[in-house]
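J.: Generate coordinates for the sequence data below:
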Amino acid sequence: MPELPEVEVTRMGITPHVVGQTVTKIIIRNARLRWPIPDEIKSIEGQVIRKVTRRAKYLLLDTDIGYAIVHLGMSGNLRILPAGSVVEKHDHVDVVLASGEILRYNDPRRFGAWLWQQAGESHSVLDKMGPEPLSDDFDVDYLVAKAKGKRKAIKLLIMDNHIVVGVGNIYANESLFAAGIDPQCPAGKVSIAQLQLLVSEIKTVLQKAIAQGGTTLKDFKNADGKPGYFAQELQVYGKGGQPCPRCGEPLTDIKLGQRATVFCGKCQN
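T.: Predicted coordinates for the structure are as follows:
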C-alpha cells in the first residue's frame, strides 16, 4: 500500500505537469472504486489546477471552485502520459490537460478513491486527523501528551491517524527499530527520552524514503513510472528471522493490530 512517502513523491512528480494547466476533460472508465466516483468530479472540467497538496495520504487537486481528492488505496498510481496513450487494464480515470498531457489513474484492486469538495468546505475524510509527521506540530511535547497513560502499544499509537497522519506500517517498523523501542511497549511506559528519539527517527525515516522515491514492494511506481528505491534501505521490515543489522540476533516477526511487525528483541526494549 502506498504510504506517506509514496504519496508525497507522487505529488512532487505530478505538480510540474498539472499546476497552471486547464482541465479540458475528465474521463471515467470505471467509477466503482472504494467509494463510487461522484458525478460532481466533472466540475473540474474547464478549471485551472492551482496547486497540488497532500493531507495524510490524500492528494488534493485545487481549483478555484473546489478540489478533487485522490487516494491511491492499496495499488493505485498516478502517471503523466502523452495524449493518446494506449489505455491499459485498470486505467480508471484520465484528467486531460490543455498541455496535451494526461494525468492517468490506474488501480488494479480499486481500493482507491476520487472525491470532490466545493471550495471553502472540508470533506469528511479529512476531518479529525492528527498533525503531519514532518511538520513542527509533531514534536516530543505533542507525542508525550498523546502517549501519557496510554496502554495501547506504541506502534499502534503512532499508526493512528487521529494521533499523527501517514506513519504507515513500513515506516513505523523502521522508525521504532531506529529508536530502539519495542513496538509492543505500552505507549504510556515509553520514556520521554525515547519518545524524543522516536519523533526524530520518524521524521528522518520519512524524509529518507521521500528522497529515495518511496518504497516499491509490489505495485507502487512514481509519476514517471519508475519504482522507488527505499526498499534497499529497509532494516527490519519484511526481514523476520534474518539477523538483526545491529546485533546479529534473529529478528522477531509477529502480528500487532493485524499488521506485520518485525523487531529485534535485544536491541529494542
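J.: Now for residue 102: which residues touch it?
T.: 80, 81, 82, 83, 85, 94, 95, 96 (CB atoms under 8 Å, 6 or more residues apart in numbering). C-beta: built from backbone N, CA, C; applies to glycine.
J.: repeat that for 7 Å
T.: 81, 83, 85, 94, 95, 96 (CB atoms under 7 Å, 6 or more residues apart in numbering).
J.: do residue 104 as well
T.: 79, 81, 91, 94.
J.: Spatially nearest residue to the second one (excluding sequence neighbours)?
T.: So the one you mean is residue 81. Excluding the flanking residues, the one nearest residue 81 by CB to CB, 6 or more residues apart in numbering is residue 102, at 4.9 Å.
J.: gap between the helix or strand in which that neighbour is found and the chain center?
T.: Per DSSP states H and E, residue 102 falls inside strand 101-106. Taking CA atoms, centre = their mean, to the nearest Å, the mean C-alpha location of strand 101-106 is offset from the chain mean by 19 Å.
J.: Of the contacts of residue 102 - the most surrounded one?
T.: residue 95 (27 neighbours; other CB atoms under 10 Å).
J.: For residue 7, see how far away that residue is.
T.: Distance of residue 95 to residue 7, computed by CB to CB, to the nearest Å: 17 Å.
J.: Does residue 62 touch residue 51 like I think?
T.: Yes: Residue 62 is in contact with residue 51 according to CB atoms under 7 Å; the separation is 4.9 Å.
J.: Those two - which one has more neighbours?
T.: Just comparing residue 62 and residue 51: by other CB under 10 Å the higher neighbour count belongs to residue 62, 18 against 14.
J.: what are the phi and psi angles of that one?
T.: phi -90, psi 130 (degrees, to the nearest 10).
J.: What strands line up against the strand holding residue 102, and which way round?
T.: strand 77-82 (antiparallel), strand 91-97 (antiparallel) (DSSP bridges).
J.: After the helix ranked longest in the chain, heading C-terminal, what element do we hit next?
T.: In the chain, with assignment by DSSP state H, the single longest helix is helix 192-211. Where DSSP H and E defines the elements, the next helix or strand beyond helix 192-211 is strand 252-256.
J.: same for that following strand, what does it pack against?
T.: Secondary-structure packing of strand 252-256 (3 or more CB pairs under 7 Å, 6 or more residues apart in numbering; DSSP states H and E): strand 259-263.
J.: ok now the strand it packs on, how far from the chain's centre?
T.: 18 Å.
J.: That one vs strand 252-256, what angle?
T.: Orientation note: strand 259-263 sits at an angle of 150 degrees relative to strand 252-256 (axes from the mean of the first three to the mean of the last three CA atoms, to 10 degrees).
J.: list the buried ones in strand 259-263?
T.: By neighbour count on 16 or more other CB atoms under 10 Å, the buried set for strand 259-263 is 259, 261, 262, 263.
J.: Stretch 168-186 now?
T.: Buried-residue list, stretch 168-186, by 16+ other CB under 10 Å: 168-185.
J.: Residues touching it, excluding its own?
T.: Under CB under 7 Å, 6+ apart, the answer for stretch 168-186 is 1, 3-4, 150-155, 158-159, 190, 194, 197-198, 201-202, 205-206, 209, 215, 234-237, 256, 259-264, 267-269.
J.: Can you say which of the residues you listed are buried?
T.: 1, 3-4, 150, 153-155, 158-159, 190, 194, 197-198, 201-202, 205-206, 209, 215, 234-237, 256, 259, 261-264, 267-268.
J.: where are the low-confidence patches of the stretch 101-250 of the chain?
T.: 214-231 (pLDDT under 70).
J.: if we go to 80?
T.: The stretch 101-250 of the chain contains residues with pLDDT under 80 at 213-233.
J.: which phi and psi does the nearest residue to residue 57 once chain neighbours are set aside have?
T.: The spatially closest residue to residue 57, leaving aside those adjacent along the chain, is residue 7, at 4.9 Å (CB to CB, 6+ apart). Per-residue torsions, residue 7: phi -70, psi -40 (degrees, to the nearest 10).
J.: Give me the neighbour count for residue 7.
T.: The burial count for residue 7: 26, using other CB under 10 Å.
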